[in-house]
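> coordinates only, sequence not included:
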């Protein structure tokens, strides 16, 4: 699961067409892919990120956000 560096899911959705701002969390290798669906969250209480806690599925195409669920 990736950490999304956005204050809220609404802010993440406002970045459609832009590159994803994220942090890797896996000790087994990179999870980020330029194309496909990525799952992640913002966990401010455990990562010192600002904003609300949320979980999302982000669809990327050619390194750009095309959909947020």
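Great, that's in hand. Predicted model, so just to flag it, every value in this text is computed and none were measured. Numbers count the residues shown, from 1 in each chain.

> need the next SSE after the lowest-mean-pLDDT helix or strand in the chain, C-terminal direction.
Lowest mean confidence among the helices and strands of the chain (mean pLDDT, DSSP states H and E): helix 44-47, at a mean of 75. Following helix 44-47 in sequence order, the next helix or strand is strand 54-61 (DSSP states H and E).

> quick one: average pLDDT of that next one?
Mean per-residue pLDDT for strand 54-61: 97.

> strands paired with that strand, and their directions?
strand 36-42 (antiparallel), strand 64-68 (antiparallel) (DSSP bridges).

> got a list of contacts for that strand?
4, 8-9, 12, 20, 33-42, 65-69 (Cβ atoms under 8 Å, 6 or more residues apart in numbering). No exception for glycine: its C-beta is placed from N, CA and C like everyone else's.

> List buried residues within those residues.
Burial by neighbour count, judged by 16 or more other Cβ atoms under 10 Å, picks out 4, 9, 12, 20, 38, 40-42, 65, 68 from these.

> Using TSV, lay out those residues together with distance to residue 28.
Formatted as TSV, the buried ones among the contacts of strand 54-61 follow (distance: Cβ to Cβ, whole Å):
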residue	distance to residue 28
4	20
9	26
12	25
20	20
38	15
40	16
41	18
42	22
65	24
68	25
